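Chemist: My questions concern the predicted model and sequence given below.
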Amino acid sequence: MLKNIINFYRVSQPKPCNEGSLSEQKQRLKRLQWSTFLAATLGYGMYYVCRLSLNVVKKPIVDEGVFSETELGIIGAVLFFTYAVGKFMNGFLADRSNINRFMSTGLLVTALVNLCLGFVHSFILFAVLWGISGWFQSMGAASCVVGLSRWFTDKKRGSFYGFWSASHNIGEAMTFIIVASIVSALGWRYGFLGAGLVGLIGALVVWRFFHDTPQSKGLPAVNAPKKKKEMDALETEAFNCAQKAVLRNPAIWILALSSAFMYISRYAVNSWGVFYLQAEKGYSTLDASFIISISSVFGIVGTMFSGVISDRFFGGRRNVPALIFGLMNVFALCLFLLVPGVHFWMDALAMILFGLGIGVLICFLGGLMAVDIAPRNASGAALGVVGIASYIGAGLQDVMSGVLIEGNKQLVDGVEVYDFTYINWFWIGAALLSVLLALLVWNARSKE
């Protein structure tokens, strides 16, 4: 049984490369490359629809008395923790897998979990299912990155990676529009059902259009491997030393902590922004979700142009734009949280600035700055340290936010009234601490 499962997920066997002329092969390669890229981008966006569905339905769930705010915070944190561990482990598995089947499986399972959640009223069962979803969610990014490596040359991969990295913003926008529309019309249970159906469609798209390797399609490898040779003891020792140097480098850990605080502010808005706008400012589910979706759309712009901004305007330095957009993130949260009353355009502006700021910071604090100061042969280790810290921060945020929201709720004339004072300072304080920590490594450089 286990052997059959392992064989099912093995990298596809190559087919003979003798079909058509060289020109026809190039044309077919280009078509399959675009198919793989677009399927990865759309498919990973649909992963996010299944991941963020809970964030749209928190207020209706609390209003019905199904779960408390604290319980929802714990449930959200379970996903982040399983996702953090799964992302690390599934990265190794994806390198050795048929990524078409690997990515399809992850999206299929997380879609099926969403289909079930509308009927689950047990806190323990809901948390377990959401944690399972988090693990299978982690199969998406790894599959996409491996796919881009298999199908695109080193010279082209960076451009396609940059566009693919905006897929999570596309997924966020889809969630806050599609799922919110369903919830507004039919109720929160149908929100999970809608997200699950989107995930099933995504799994079919990935299965049909996301291809494993060029060789499995009868095409030569895009990145032809150089002549293999065994690592000698000296090379192995250099590799080990580089990874140890990452773990001993205080600047890497400071950046990881800075990214963790940035992720607290990022997922505070993603996880609780709709709830906040409903409870504090009286927006409907659809209007609140639309406002939050604005940050996702502008996050695409920030992510896609982050590299251009640092390379063209700051001579490749990341510290100055990280400071500028970090302060923009703090200002956006102040505008969003500290201006009382319903001001649609003010809240929309706050989300524009928040999306741009987070889009750039995800690129810089979320990995690139750590890679810049890490040894070249240990960039993966640097990304691993920052990635795990970031999602632990996101998980702790969900628990803390749930506790603070429920702990500062009062019943006034039969109506639940929330005091978000502590939440405001928690979210804004995290964003500010992220900026201050990044300043501590202002002059950090690679020793190579």
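Modeler: Yep, that arrived.

Chemist: Check this structure for its longest helix and report it.
Modeler: helix 22-56 (DSSP state H).

Chemist: by contact count, what packs against it?
Modeler: Helices and strands touching helix 22-56, by 3 or more C-beta pairs under 8 Å, 6 or more residues apart in numbering; DSSP states H and E, are helix 69-95, helix 99-117, helix 123-151, helix 154-164, helix 167-174, helix 188-209, helix 250-281. Bear in mind the C-beta positions are built from the backbone N, C-alpha and C, glycine included.

Chemist: Buried residues of that helix, list them for me.
Modeler: Within helix 22-56, the residues that count as buried by 16 or more other C-beta atoms under 10 Å are 25, 28-29, 32-33, 36-37, 39-56.

Chemist: Wait, residue 60 touches residue 188, no?
Modeler: Yes: at 4.0 Å, residue 60 counts as touching residue 188 under the criterion of C-beta atoms under 8 Å.

Chemist: So between these two, which is more surrounded?
Modeler: residue 188 (24 against 18; other C-beta atoms under 10 Å).

Chemist: mind giving me the domain split of this structure?
Modeler: Domain segmentation of the chain under automatic domain parsing yields 25-222, 245-448.

Chemist: Ok, which of these comes nearest residue 16?
Modeler: Of all the domains of the chain, domain 25-222 sits nearest to residue 16, with 6.2 Å by C-beta to C-beta.

Chemist: average pLDDT for the closest one?
Modeler: The pLDDT scores in domain 25-222 average 90.

Chemist: Between the two ends of that domain, what distance do you get?
Modeler: 12 Å (C-alpha to C-alpha, to the nearest Å).

Chemist: about what we covered before: helix or strand next in line after the longest helix of the chain, which one?
Modeler: Downstream of helix 22-56, the next assigned helix or strand under DSSP states H and E is helix 58-63.

Chemist: got the contact list for that following helix?
Modeler: Applying C-beta atoms under 8 Å, 6 or more residues apart in numbering, the contact partners of helix 58-63 are 67-69, 72, 183, 187-188, 271-272, 274-275, 278-279, 285.

Chemist: So for that helix, could I get the coordinates as PDB, restricted to C-alpha?
Modeler: Presented in PDB, the C-alpha positions along helix 58-63 are these (Å, rounded to 0.1, in the frame of the first residue of the first chain):
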ATOM      1  CA  LYS A  58     -16.000  34.900  11.800                       C
ATOM      2  CA  LYS A  59     -18.600  37.500  12.700                       C
ATOM      3  CA  PRO A  60     -21.600  35.300  11.700                       C
ATOM      4  CA  ILE A  61     -20.100  32.300  13.500                       C
ATOM      5  CA  VAL A  62     -19.800  34.400  16.700                       C
ATOM      6  CA  ASP A  63     -23.200  35.900  16.300                       C
END
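
Chemist: buried sites along it?
Modeler: 58, 59, 60, 61, 62.

Chemist: and which of these is nearest to residue 124?
Modeler: The closest of the buried residues of helix 58-63 to residue 124 turns out to be residue 61 (C-beta to C-beta; 15.7 Å).
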